[in-house]
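>>> dropping a prediction and its sequence here:
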Amino acid sequence: MSRIGKQIITVPAGVTVNVADGNVVTVKGPKGELTQAFHPNMIIKLDGAVLTVARPNDEHLFKSLHGLTRTLLNNMVVGVEKGYVKELDIVGVGYKAEKKGTQLVMSLGYSHPVVMDEIPGITIEVPAPNKVRVLGIDKQVVGQFAAEVRGKRPPEPYKGKGVRYTGEVVRLKAGKAGGKK
């Protein structure tokens, strides 16, 4: 039995879950609404405020889908209730970010500013010139967008300059060793 798959999901007050034909699950909450289709053979049951996931048999495919389905459902419930946030730090002299309308404009040491548009489902905040916050209800979309922002200038290993997640530890390499003999 999957250790994660067998755990129940408690649906909080203010969140409604609807399981339709073909395992299409819709979760509505104070922050918004998410819909996702799951494998049709997985057994998703809603009993009052408790959501459970079961598998039809112990085939390898269903064993692997058991924990995944439960985790994705839990992410949907948490997302519409609380939302998800990814915070990024911009480190480097002259590196900064600002928000212009719905665009994130970053100066990352290139000859041109790096411009990224907000995508549907996320919100960008810039509380300080060297901080960026990506907010949304879908964990996958928030994480993907934050990874794309980080990918514009990943932290380099010698000085640590670049865009990194808040709390990310960048291991710095030693520079050139010694001089001429």
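That came through, no problem.
>>> the spatially most central residue of the chain in helix, strand or coil?
With distances taken as C-alpha atoms, centre = their mean, residue 143 lies nearest the centre of the chain, 2.8 Å away. Under DSSP: H, G, I helix; E, B strand; the rest coil, the three-state class of residue 143 is helix.
>>> could you pull up the residues touching it?
Going by C-beta atoms under 8 Å, 6 or more residues apart in numbering, residue 143 touches 84, 86. Every residue, glycine included, has its C-beta placed from N, CA and C.
>>> one more time with 10 Å
Contact analysis of residue 143 by C-beta atoms under 10 Å, 6 or more residues apart in numbering lists 84, 86, 134, 136.
>>> okay, those in JSON lines with secondary structure and distance to residue 113 next?
Listed next are the contacts of residue 143 as JSON lines, based on DSSP: H, G, I helix; E, B strand; the rest coil; distance: C-beta to C-beta, whole Å:
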{"residue": "84", "secondary structure": "strand", "distance to residue 113": "27"}
{"residue": "86", "secondary structure": "strand", "distance to residue 113": "22"}
{"residue": "134", "secondary structure": "strand", "distance to residue 113": "19"}
{"residue": "136", "secondary structure": "strand", "distance to residue 113": "24"}
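>>> and which of those residues is nearest to residue 152?
Ranked by distance to residue 152 (C-beta to C-beta), the contacts of residue 143 are led by residue 134 at 13.2 Å.
>>> and that closest one, what are its bridge partners?
For residue 134, the beta-bridge partners are residue 86, residue 124 (DSSP bridges).
>>> how about residue 26?
Counting by DSSP bridges, residue 26 forms beta bridges with residue 18, residue 35.
>>> that one: neighbour count?
For residue 26, the neighbour count with other C-beta atoms under 10 Å is 15.
>>> show the model's pLDDT score for it.
Residue 26 is assigned 95 on the pLDDT scale.
>>> do residue 12 as well
pLDDT recorded at residue 12 is 93.
>>> residues near it, how many?
Counted with other C-beta under 10 Å, residues neighbouring residue 12 total 14.
>>> list the contacts for it?
The contact partners of residue 12, taken as C-beta under 10 Å, 6+ apart, are 29, 30, 49, 77, 78, 80, 81, 82.
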